[in-house]
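Enquirer: Predicted model and sequence follow; I will ask about them next.
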Amino acid sequence: MQSKRGRLDRFLCSELQIPRKSVRELLLAGRVRVDGAIAKDLDLQIDEFARVQFDEQLLQSNTPSYLMLHKPVGVVSATQDAEHQTALDLLDAKQRNGLHIAGRLDLNSSGLLLLTNDSRWSQALMSPTNKVDKLYRVTLANPLTADYVTAFAQGMYFGFEDIMTQPAKLVIVSEHVAEVTLKEGKYHQIKRMFGRFRNPVLGLHRVSIGQIVLDDALTPGQSRALTPQEVACIALPARV
C-alpha cells in the first residue's frame, strides 16, 4: 500500500477541479484550513487523516481504523475476488471503507490478519528493515526432529529466486506441531522450508505479529478493533 501523503495544492486541484493558479488565490485569501489552522503554503504535506476545509465545505475528514481479524481457511487476503470470499467480506459494510490488508495469509492458512486505512502504519508493520516477528503454529504430516531447528536457524537458499532466507526460530511443540518465528515473509516461505524435508504442511495458523496477538475470544471470521496499546506497538517513522 503506497503512502497517501501528498501536497496540499495537488489535493485541492483534484478535489475542487480548479487550476493551480486558482488554488494559490484561495490560499492567499485564507479560505483553506488544515487541521483547524489557515493554510497558505502550496507545498504543505498532508495525509489521508488531515482535516481539510474550504470555506464551510469539508473536503476531507478521515479517522484512522485498525482491526484484527481471525481469518478462516478458505478466505482470501484481498479486498475483492471473483471466486472466493474475501477478508473484507467478513466485515460489516460500514467497517470496510478504505481498508487494506497489512500482511497477507494465503487461502489455506488461518489466524491473525490486520486491516487498516493507515498506509504509514501498515508500511511500518511490514517493512523488512523493522524486522517485526511473525509467529506461526504449523501442523505437519511427518514427525519433527532436531535437524529442523538447526536448518531453520541457519536459513535456507532458494535457487529459483537466488535468495537466502533470514534465520528463523523453530520450536518443536509436539511430534507433528512446530512454532515458527519469521522476520520476513517470502512467497510460501514456511511451506517451502518444510518442503526441504519433504514434510507437507497440513495446517498453518498465524498467532501474532510483533506484540499484537490474535485474541482468543475471536472465533474464525470474527474481528475487533485494535486497542490503542496494540496500535502504538508498531513504531512509525518520523514525518519529514
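Expert: Sure thing, it's come through. None of these values were measured; they are calculated from a predicted model. Residues are numbered from 1 along each chain as shown.
Enquirer: center of the chain - which residue?
Expert: By C-alpha atoms, centre = their mean, the chain has its centre lying nearest to Ala102, at 1.1 Å.
Enquirer: surely it meets Val132?
Expert: No - at 10.3 Å, Ala102 does not count as touching Val132 under the criterion of C-beta atoms under 8 Å. Every residue, glycine included, has its C-beta placed from N, CA and C.
Enquirer: which residues do these two both contact?
Expert: Each of 125-126 lies in contact with both Ala102 and Val132 under the rule C-beta atoms under 8 Å, 6 or more residues apart in numbering.
Enquirer: thinking again about what came up before, look at the residue lying closest to the residue nearest to the centre of the chain once chain neighbours are set aside and say how many residues are nearby.
Expert: In space, and not counting its chain neighbours, Ala102 is closest to Ser122: 3.7 Å by C-beta to C-beta, 6 or more residues apart in numbering. Ser122: 21 surrounding residues under other C-beta atoms under 10 Å.
Enquirer: quick one: contacts for Ser122?
Expert: 1, 100, 102, 114, 116.
Enquirer: Ok, Asp9 next?
Expert: Per C-beta under 8 Å, 6+ apart, neighbours of Asp9: 20, 23-24, 27, 42-43.
Enquirer: tell me the SS of it?
Expert: helix (DSSP: H, G, I helix; E, B strand; the rest coil).
Enquirer: before we move on, back to that, what does the residue nearest to the centre of the chain show for phi and psi?
Expert: Ala102 adopts backbone torsions of phi -110, psi 90, taken as degrees, to the nearest 10.
Enquirer: ok, now which ones touch Gln85?
Expert: Residues in contact with Gln85, defined by C-beta under 8 Å, 6+ apart, are 74-76.
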